[in-house]
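Engineer: Sharing a model that was predicted from the sequence below.
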Amino acid sequence: MIYVTRRAEFSASHYYHNPALSPDENRRLFGKCNNPHGHGHNYTLEVTVAGEVDPVTGMVLDLKDLKQLLESEVMELMDHRFLNEEVPVFRTVIPTTENIAIEIWRRLAPKLTLGQLHRIRLYETPDLYVDYYGD
């Protein structure tokens, strides 16, 4: 088994808010991340695909194809967006780093034609990241 990882970077803003909680509970739980005007991050995304090397191509998958998939399924949707307002799923799901990683997995996994999605690693800051390995 070979693991191939592609990295991409995007910027997005968001805020944490649970409508089931009172304004005071949201402020207490989420602190400054509850600011309704949002705050931004420069995210680094690593997508790892696992598979066997094709004897004809010598590759698990063509990295150009993976780059195009990331562009259409992640970058166009999330780059320079206010996630809570512009990405439909985050109108009802708090756009934490964990939930963003899950959404990226959900969007990519069924569209990979070669290999299998192995891991989503999403950095919120250089020293904070989330790893997601699927359900």
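Structural biologist: Right, received. Where do you want to start? Residues are numbered from 1 along each chain as shown.

Engineer: just the strands in this structure please.
Structural biologist: All strands of the chain, identified by DSSP state E, fall at 2-14, 39-51, 81-82, 116-125, 128-132.

Engineer: Can you lay out these as JSON lines showing mean pLDDT and distance to L69?
Structural biologist: Yep, even glycine has a C-beta here, placed from its N, CA and C like the rest. Putting the strands of the chain into JSON lines (pLDDT from 0 to 100; distance: least, C-beta to C-beta, whole Å) gives the following:
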{"stretch": "strand 2-14", "mean pLDDT": "97", "distance to L69": "9"}
{"stretch": "strand 39-51", "mean pLDDT": "97", "distance to L69": "9"}
{"stretch": "strand 81-82", "mean pLDDT": "98", "distance to L69": "18"}
{"stretch": "strand 116-125", "mean pLDDT": "96", "distance to L69": "10"}
{"stretch": "strand 128-132", "mean pLDDT": "95", "distance to L69": "17"}
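
Engineer: okay if I get those as CSV plus distance to K67?
Structural biologist: CSV is the format used below for those (distance: least, C-beta to C-beta, whole Å):
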stretch, distance to K67
strand 2-14, 6
strand 39-51, 10
strand 81-82, 20
strand 116-125, 15
strand 128-132, 20
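
Engineer: and of the ones you listed, who's closest to R28?
Structural biologist: strand 39-51 (17.5 Å; C-beta to C-beta).

Engineer: just the angle between the closest one and strand 128-132, please?
Structural biologist: If you take axes from the mean of the first three to the mean of the last three C-alpha atoms, to 10 degrees, strand 39-51 sits at 40 degrees to strand 128-132.

Engineer: buried residues in strand 39-51?
Structural biologist: H41, Y43, T44, L45, V47, T48, V49, G51 (16 or more other C-beta atoms under 10 Å).

Engineer: Just the CA trace of it, in PDB.
Structural biologist: Extracted in PDB, the C-alpha atoms of strand 39-51 (Å, rounded to 0.1, in the frame of the first residue of the first chain):
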ATOM      1  CA  HIS A  39     -12.700  35.700  12.300                       C
ATOM      2  CA  GLY A  40     -10.400  34.200   9.700                       C
ATOM      3  CA  HIS A  41      -7.800  31.500   9.300                       C
ATOM      4  CA  ASN A  42      -5.300  30.500   6.700                       C
ATOM      5  CA  TYR A  43      -5.900  26.700   6.500                       C
ATOM      6  CA  THR A  44      -3.500  24.100   5.200                       C
ATOM      7  CA  LEU A  45      -5.200  21.000   3.900                       C
ATOM      8  CA  GLU A  46      -3.500  17.600   3.300                       C
ATOM      9  CA  VAL A  47      -5.400  14.900   1.500                       C
ATOM     10  CA  THR A  48      -3.900  11.400   1.600                       C
ATOM     11  CA  VAL A  49      -5.000   8.700  -0.800                       C
ATOM     12  CA  ALA A  50      -4.000   5.100  -0.300                       C
ATOM     13  CA  GLY A  51      -3.700   2.500  -3.000                       C
END
